[in-house]
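1. need a structure here:
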Amino acid sequence: NNNNNNNNNNNAAPTPSPHTPASTDEAAPSAQYAGAGDAGNSQDQLKDESGVEATPAPRDQDIASSPESAEPAQQAADPSPDPTESSNSVAEEAPEELEQEPEREALETEQEGRASARDVPLRSRRGGAGDLERWIDQDLAEGGWDRTGITPEMLKLGQATGMRTFRVCILDGKVYGKIVATNKMRLRGMSRVWYWVWSILEMLEKYGKEVPDVDIVMQVEDLPKVPKVQKEGKKSLDSPNQKPWTIGELDNPPPPIFSPSKSRGNLDLLWPLWTMWGEDVVGAGPKTGGFHDPPWEVTMPNIIEAARKSPWKTRPNKNAFWRGAARTSPARDALIACSNKPEYRIDASSVQHKLKLGKPISAVDRVQSRYLVYMDGRTFSSSMLPMFPTGAVLFLPKSPWITLHCRAFRAAGHFLPFDNSADAVCSNITNSIKNAEKDLEKTAAIGNAARDWAEKNLNIDMQRQYMLRMLQAYAKLQKFKPRKSAGMVQLGWADVYKHVKRRRNRAF
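-> I've put the predicted structure just below:
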């Protein structure tokens, strides 16, 4: 894996200017696989994840001539990179438990995304097609930090944002932080914090002095925390009292915060999901569901091995498979309601670990299905990441949510888009399957291409490389010398083990 890591970096294309508008010239999905009322319309593919039409821009000449730029859709029967979002390593979609009016905040975030989608380039390219690092420059530029730099005042503001926010310093290869276990943090939050600390410690072990000194703010709530339009209190989106950030100016700049997700209406910087290392959830386990698969470093190779032993055309389940928490979205409820009805090709049921409801299916065992379905819940679902390497054909709808992994996967294009409107989701998927089965070889190639792409781009070494490259770019923007804030102490493996249930398999 380390060799793959180095090779990927050496082959990277020159970094474009973060201010150069990125191409939105996406390949349309094959009409053969378009579901009812769905992606057969090429004009539909010029919409972003919020459903807002994007204005196509000419493809950059250097990108157009790159062999990697043409790779994804052509290898896999031209599925469209329907630009959208969500990600990770769990056995099924655990219910998202947000204490702070999740439906309202999620709706606000989606509305922000719809309002501002035209302001953001569809994607920028830092390297070849589909790698995680491609958007680093764009993400930093969107917040204006490439122009203003990053100041201590921004970090103080970021540290006071949200309910599960913490600040970490990396100084001379050591990690320092002040992590306070508030009541809100304890509610599913503490293990998330410590598994992210785990990720930083591993990165330091692997890269040593390559990791720069940085002072960063991170937050572990599902929802992003840096809207493009600054909120004052809890006023509505239409409130005239909202004060916009002065992006790119020091008058009122937004704070840089690392989060698990963002939307088109947010400026958060992305970090790999904590579930790649773990999350300790009460009641979760192999017999009940929830976050119980091994760490990604173990789970992903196991999925790849199982997928290669289960050729797509020999898989016993020929229907579209989905498991997760019901009552978190109308589309999920609709999918479950039509499961196993003879007129539909749907295999869906609810699995909720707290209620001990349903039979969980591990990430590895999902390689027995030809088709997998992804659905958002209240926000993104971390169940998406382990779907990518299964070799199954993934049905992926539009979404307002952007995570590190799904953003890259959508750009690669190895999936079938579909309309997940509650009144049509079952018929859309069924019709798409019928169309796909007119050419089994071509359809199987979609799943195989997704598996191969994930093996190359989503292994644990690529996560660590992204973290390193992001922090290196971030460090160059710091307008101060990082130092420990008041109350910060050094954080090491002994501190992590006091707060999480897992133990790592190896040290570097």
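
2. can you map out the strands along the stretch 401-508 of the chain?
-> With strands called from DSSP state E, counting those that start in this stretch, the stretch 401-508 of the chain shows them at 416-417, 489-491.

3. mind listing what the shortest one pairs with, with the direction of each?
-> This means strand 416-417. strand 393-396 (parallel) (DSSP bridges).

4. excluding its own residues, what touches the strand it pairs with? List them.
-> 82, 84, 312, 320, 370-374, 387-388, 410, 414-418, 429, 432, 436, 443-444, 446-447, 450 (C-beta atoms under 8 Å, 6 or more residues apart in numbering). Heads up, the C-betas are built off the backbone N, CA and C, glycines and all.

5. ok so, going back, for the strands of the stretch 401-508 of the chain, which one ends up most surrounded?
-> For the strands of the stretch 401-508 of the chain, average neighbour numbers computed from mean count of other C-beta atoms under 10 Å are highest in strand 416-417, which has a mean of 30.

6. return the helix or strand in the chain with minimum mean pLDDT.
-> Ranked by mean pLDDT, DSSP states H and E, the weakest helix or strand in the chain is helix 61-64, scoring a mean of 31.

7. helices - which of the contacts of strand 393-396 land there?
-> Counted as lying in helices by DSSP state H, out of the contacts of strand 393-396, are 410, 429, 432, 436, 443-444, 446-447, 450.

8. among those, which one lies nearest to residue 151?
-> Checking the ones in helices among the contacts of strand 393-396 against residue 151 with C-beta to C-beta, the nearest one is residue 410 at 33.4 Å.

9. neighbours around the closest one, how many?
-> For residue 410, the neighbour count with other C-beta atoms under 10 Å is 27.

10. what pLDDT is listed against it?
-> Note on residue 410: pLDDT of 94.

11. next one: residue 309
-> On the pLDDT scale, residue 309 is placed at 97.

12. ditto for residue 485
-> pLDDT, residue 485: 89.

13. for residue 361, same thing?
-> Model confidence at residue 361, given as pLDDT, is 83.

14. what is the neighbour count of the closest residue to residue 131 other than its chain neighbours?
-> In this structure, residue 131 finds its nearest non-sequential neighbour in residue 457, 5.6 Å apart by C-beta to C-beta, 6 or more residues apart in numbering. Residue 457 has 23 neighbours, counted by other C-beta under 10 Å.

15. which ones are touching residue 457?
-> Taking C-beta under 8 Å, 6+ apart, we find residue 457 in contact with 130-132, 408, 412.

16. and if you look at residue 246?
-> 144, 252-253.

17. quick one: which of those residues has the most company?
-> Highest neighbour count within the contacts of residue 246: residue 253, with 22 neighbours (other C-beta under 10 Å).

18. tell me the two of the contacts of residue 457 that are most distant?
-> 132 and 412 (11.1 Å).

19. low-confidence ranges in the stretch 251-400 of the chain?
-> Low-confidence segments of the stretch 251-400 of the chain (pLDDT under 70): 282-292, 352-358.

20. so which residues of it form helices?
-> All helices of the stretch 251-400 of the chain, identified by DSSP state H, counting those that start in this stretch, fall at 296-309, 330-337.

21. now do the shortest one: which elements does it pack against?
-> In this case it means helix 330-337. strand 317-324, strand 346-350, helix 425-436 (3 or more C-beta pairs under 8 Å, 6 or more residues apart in numbering; DSSP states H and E).

22. about what we covered before: could the contacts of residue 457 go into JSON lines alongside neighbour count and distance to residue 165?
-> Converted to JSON lines, the contacts of residue 457 look like this (neighbours: other C-beta atoms under 10 Å; distance: C-beta to C-beta, whole Å):
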{"residue": "130", "neighbour count": "24", "distance to residue 165": "31"}
{"residue": "131", "neighbour count": "27", "distance to residue 165": "29"}
{"residue": "132", "neighbour count": "24", "distance to residue 165": "24"}
{"residue": "408", "neighbour count": "26", "distance to residue 165": "26"}
{"residue": "412", "neighbour count": "25", "distance to residue 165": "32"}
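
23. between these, which is nearest residue 348?
-> Distances from residue 348 to those, taken by C-beta to C-beta, are shortest for residue 412, at 25.6 Å.

24. circling back to that earlier point, of the contacts of residue 246, which is the nearest to residue 340?
-> For the contacts of residue 246, the minimum distance to residue 340 (C-beta to C-beta) is 51.5 Å, reached by residue 144.

25. for the closest one, give me phi and psi.
-> Phi and psi for residue 144, reported as degrees, to the nearest 10, are phi 80, psi 10.

26. thinking again about what came up before, format the helices of the stretch 251-400 of the chain as JSON lines; extra columns: mean neighbour count.
-> Below are the helices of the stretch 251-400 of the chain laid out as JSON lines (neighbours: other C-beta atoms under 10 Å):
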{"stretch": "helix 296-309", "mean neighbour count": "19"}
{"stretch": "helix 330-337", "mean neighbour count": "20"}
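
27. how about residue 339: what's its closest non-neighbour residue?
-> residue 348 (4.2 Å).

28. cool, residue 174 as well?
-> Sequence neighbours aside, residue 490 is the residue nearest to residue 174 in space, at 5.6 Å (criterion: C-beta to C-beta, 6+ apart).

29. can you redo the contacts of residue 246 as JSON lines with distance to residue 337?
-> What follows is the contacts of residue 246, written out as JSON lines (distance: C-beta to C-beta, whole Å):
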{"residue": "144", "distance to residue 337": "46"}
{"residue": "252", "distance to residue 337": "48"}
{"residue": "253", "distance to residue 337": "48"}
